[in-house]
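Peer 1: Build me a model:
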Amino acid sequence: MMNSTAIRQTFLDFFRQKQHEIVPSAPIVIKNDPTLLFTNAGMNQFKDYFLGNKPAPHPRIADTQKCLRVSGKHNDLEEVGVDTYHHTMFEMLGNWSFGDYFKKEAIAWSWELLTEVYKIPKENLYVTVFEGDVSEGLPKDEEAYEEWKKYVHESHILLGNKKDNFWEMGDTGPCGPCTEIHADCRSAEEKADISGAELVNRDHPQVIEIWNNVFIQFNRKKDGSLEPLPARHVDTGMGFERLTRVLQGKTSNYDTDIFLDTIHATEKITGKTYTAGDDKQSIAFRVLSDHIRAISFTIADGQLPSNTGAGYVIRRILRRAVRYYYSNLEYRQPLLYQLVGVTADKFEAVFPELKQQQDFVTRVIREEEEAFLRTLEKGLKRMDAIIAVSGKTIDGAAAFELLDTYGFPIDLTRLIAQENRLQVDEAGFESEMNKQKDRSRAATAMDTGDWVVLQDAESRGFSGYDRLSLSTSVIRYRKVSGKGKEQFQLVLEDTPFYAESGGQVGDTGILQFGDEKITVTDTRKENDLIIHFTQSLPVDIHVPVWAQVNEQKRNETAANHTATHLLHAALRQVLGTHVAQKGSLVHADGLRFDFSHFAKVTDEELTAIQEMVNAKIRENIPVVIKEMNKDEAMQSGAMALFGEKYGDRVRVVIIDPSYSVELCGGTHVGYTGNLGALVITAESAVAAGVRRMEALTGKAAVDFLLQQRDQVKLLTDLMKTKDPVQSVKKLMDQQQQLEKRIESLEARQLVGIRNELLQKDEIIGNVTFIGDIIEVPGADALRKLCHDLKNHLHDHLVILCANIGGKAYVAIDISDTVVQAKGLDASKIIKEHIGPLIQGGGGGQKNFASAGGQHPAGLQPAIDTLRQLLIEL
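Peer 2: Below is the predicted model:
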């Protein structure tokens, strides 16, 4: 039986023999594409070639690509682990033709690889062909049908509708018919009972699609119409996990060697056994073996868990995994981080970036797990509070609160509700979810028009490293609308404007059309196409345009970008070579630099880092930039960033070969002395295992230091001293002494109040009852008094109230004996009886609880209510 590593290599070797260039996987995290958060198909990294934005470097390409599908159009998350063939992260084996071969070769090679190389029995394969669509004016794909007839009996060639057999990149853009190859993995008895042809594309777990060949020959326009493309392309994708399952004779992807190592490791950690069934425990094993791949590789490619965007998707996947092992494997401590090593070892040969960052990824995942497990416990307490006030149903708003605030998936809320014989208002929950989605869509909705092509020419891209102005022309433009405003996006034949990339913001400036000036407000990339944002169009957009970058902002930005290289090198020298860049923001006003490190940077280390950078600035070292082959650059010791996609040719920025050598496409100053100086203004934590430094250079650094000098002078004048530091220390000591005296006086006051309260006790049914409204300095004094009274009472119930600043505060303390004998619960009393009276709320435990409210007039009724409650028991 062929193992998964051999299966992958066989695919690549086969297409290498067919004159395909084998290229590496792009990062799983997408940059410079506003339509995607993650790579969700093998073709994503080649979009510019399909769109005609740039020529393909090779007419034939093949690879294996890391993909992630959890959100948007391709959302498989809820099926993952429940069925046997959906995944969050998966590998897509693919081969591409850019204006070279088409249907004949693609179909022939697909069949050759599957049946002659992999030896899949021909009778187990079915193919689908586009049947045509009258509404689109599209005929049946006769060309593909006739090609398949050369290899496959017509009973195994099935016609598919537009949904299954017409592929589109999005609402607009390249598209075309596709032909799918499906494998029937059922037993001989099942095949005899019903033909596989009747189960294709019917979600049968053993009749699955393994390969899709897309023939890109049309362009979908904004109005929905189709136009033929000048060059036709082939885009194929084969699910590696599904292929491996077929070749290894398994009925589940999770039974292949791709996942079994992780499943066995989970068995060892939890002491549970994987039975490969449909039970909750087996589903949990499958979820963990899938999710750890998605979480690990996205973090390794630079995307940290967070509360927004792509980071929130990763956090959601991680929390889904935690919920599964917490609830279904009864494992109450971090588990996922223990699986990173197994995953890194499994994929080291094909995706080495995870092994290279194993310690970092492990630490990030562990801290995320620990944080959610703490949240999970808080959420369970909140769940108890919701159950206490619910009738037979937990309302939708409460279920949504558990998800939104505590990260509780709805199925966890459902499970706990069932244990308490409650239902969940599913419709109300969905309504709240839809409201949130609608708010999110409204905030981000953009209407993008079709490109208006003025010249049939390719953009030559960025040429502004050495010049900030040039004469060029607009080759295309489009209108975009969103958030109540209208903008235009222009593409120039040649541009000096740097597009936002690598942490450096995009240039601003002027486009001059004759006597008319149009302001460029931003410059960004869409894939590799440089787009200039403007608020308006010129009267005559066809005339030559003089493009002028804002020189001051560019120079200040370039200085700050060079500073990040100096800072990165200094961090590695002072803190250690484990430091790696995890993000940056470079603009004219300053810089922000995120890096991997697991401790707060000490004041001594900050001083050493700053002094090292400024020493390099004073040396006025030339900033040397060279272009070379990527392999040559890496052999020379250049640092590359994880998660970045580099071409065959790269720019290498050298600031003293023994100090800093990095791959970088940004703009830089000519000499380090151009920075003037660098001042670190802040250091903080931004995520698990990631620290952030903020700094200023040049005039901004000098202004910052002058401002600090002025503040010191002001402090010196105010305190009438030449040594303000010692004066502040003296003031702090005096304040500490005063606070101790106040605390002592308050303690004496509370003793007096306690003694007065002990004189006011009542005996109600063998219980000592004390209830009073008292004057205290703060709400915490009520708690202190309750605990103090406990030492002087036995079978007691105490309710102390106070009006502090016009607000009501209540504390209730009940002895263990009374809790047990009378069945009282301080927390329930607060929620059911006291909270409504003071127009507030609170909580606690059975013995002690407290509350706050807006209605002090309700304090005496609260005491009377509790006294009556005790009388009636």
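Peer 1: Mind telling me what element residue 803 is part of?
Peer 2: Using DSSP states H and E, the element containing residue 803 is strand 796-804.
Peer 1: List phi and psi for the residue sitting furthest away from the middle of the chain.
Peer 2: In the chain, the residue that sits farthest from the middle, by C-alpha atoms, centre = their mean, is residue 759; the gap is 61.4 Å. Per-residue torsions, residue 759: phi -80, psi -10 (degrees, to the nearest 10).
Peer 1: just use 56 as the starting number from now, easier for me
Peer 2: I'll keep to 56 as the first residue from here, and by that count the last item is residue 814.
Peer 1: Give the pairing partners of the very next helix or strand once past the strand holding residue 858; include direction for each.
Peer 2: Per DSSP H and E, strand 851-859 leads on to strand 862-869 as the next helix or strand towards the C-terminus. Paired strands of strand 862-869, with direction, are strand 851-859 (antiparallel), strand 903-908 (antiparallel) (DSSP bridges).
Peer 1: Can you give the distance of the shortest one from its chain's centre?
Peer 2: If I follow you right, that is strand 903-908. When C-alpha coordinates are averaged (C-alpha atoms, centre = their mean, to the nearest Å), strand 903-908 and its chain have centres 39 Å apart.
Peer 1: now swap in the first one and tell me
Peer 2: Using C-alpha atoms, centre = their mean, the distance from the centre of strand 851-859 to the centre of the chain it belongs to is 48 Å.
Peer 1: Now do the buried residues in that strand.
Peer 2: Across strand 851-859, burial judged by 16 or more other C-beta atoms under 10 Å covers 851, 852, 853, 854, 855, 856, 857, 859. Every C-beta, even on glycine, is put in place using the N, C-alpha and C of the backbone.
Peer 1: of all the residues you listed, which comes closest to residue 778?
Peer 2: Within those, the smallest distance to residue 778 is 40.8 Å, found for residue 859 (C-beta to C-beta).
Peer 1: That closest one and residue 674: what is the separation?
Peer 2: 62 Å (C-beta to C-beta, to the nearest Å).
Peer 1: swap in residue 694?
Peer 2: Note on residue 694: its distance to residue 674, by C-beta to C-beta, is 20 Å.
Peer 1: and what of residue 153?
Peer 2: Distance from residue 153 to residue 674, counting by C-beta to C-beta: 48 Å.
Peer 1: before we move on, what about residue 861?
Peer 2: Counting by C-beta to C-beta, the gap from residue 861 to residue 674 is 64 Å.
Peer 1: cool, residue 140 as well?
Peer 2: Taking C-beta to C-beta, one finds residue 140 at 60 Å from residue 674.
Peer 1: out of the two, which sits in the busier spot?
Peer 2: More neighbours surround residue 140 than the other of residue 140 and residue 674, with 23 against 14 (other C-beta atoms under 10 Å).
Peer 1: can you confirm that one is in a helix?
Peer 2: No - using DSSP: H, G, I helix; E, B strand; the rest coil, the secondary structure at residue 140 is coil, not a helix.
Peer 1: wait, isn't it in contact with residue 310?
Peer 2: No - between residue 140 and residue 310 there is no contact under C-beta atoms under 8 Å: 11.1 Å.
Peer 1: can you list residues touching both of the two?
Peer 2: Overlap of the contact sets of residue 140 and residue 310 (by C-beta atoms under 8 Å, 6 or more residues apart in numbering) consists of residue 300.
Peer 1: Low-confidence bits of the stretch 56-205 of the chain, can you list those?
Peer 2: Along the stretch 56-205 of the chain, the parts satisfying pLDDT under 70 run over 87-90, 126-131.
Peer 1: typo on my end, the stretch 556-705 of the chain
Peer 2: 698.
Peer 1: That one: strands as residue ranges?
Peer 2: For the stretch 556-705 of the chain, the strands defined by DSSP state E, counting those that start in this stretch cover 564-568, 571-581, 584-589, 600-604, 636-642, 645-651, 679-684, 704-710.
Peer 1: Tabulate the CA atom coordinates of the second one in CSV.
Peer 2: Spelled out, it's strand 571-581. Output in CSV follows, covering the C-alpha atoms of strand 571-581 (Å, rounded to 0.1, in the frame of the first residue of the first chain):
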residue,chain,number,x,y,z
GLU,A,571,-6.2,69.1,-13.7
LYS,A,572,-4.8,67.5,-10.5
ILE,A,573,-6.4,64.5,-8.9
THR,A,574,-5.3,63.4,-5.4
VAL,A,575,-4.2,59.8,-4.8
THR,A,576,-5.5,59.0,-1.3
ASP,A,577,-4.0,55.5,-1.1
THR,A,578,-2.2,52.8,-3.1
ARG,A,579,-2.9,49.1,-2.6
LYS,A,580,-2.4,45.8,-4.3
GLU,A,581,-5.1,43.5,-5.5
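Peer 1: If you count neighbours, what's buried in that strand?
Peer 2: Neighbour counts over strand 571-581 (16+ other C-beta under 10 Å) mark 573, 575, 577, 578, 579, 580, 581 as buried.
Peer 1: Give me the spatial nearest neighbour of the fourth one, chain neighbours excluded.
Peer 2: To tie it back to what came earlier, the one meant is residue 578. Nearest non-adjacent residue to residue 578, counting by C-beta to C-beta, 6 or more residues apart in numbering: residue 561, 3.5 Å away.
Peer 1: Can you give me the separation between the one you found and residue 554?
Peer 2: Distance of residue 561 to residue 554, given as C-beta to C-beta: 5 Å.
Peer 1: Tell me which helix or strand the most centrally placed residue in the chain sits in.
Peer 2: By C-alpha atoms, centre = their mean, the mean C-alpha position of the chain lies nearest to residue 366, the distance being 1.3 Å. Secondary structure assignment for residue 366, by DSSP H and E: helix 364-383.
Peer 1: ditto for residue 545
Peer 2: Here residue 545 is assigned to strand 540-547, by DSSP H and E.
Peer 1: tell me the contacts of the residue nearest to the centre of the chain?
Peer 2: Residue 366 touches 358, 359, 360, counting by C-beta under 8 Å, 6+ apart.
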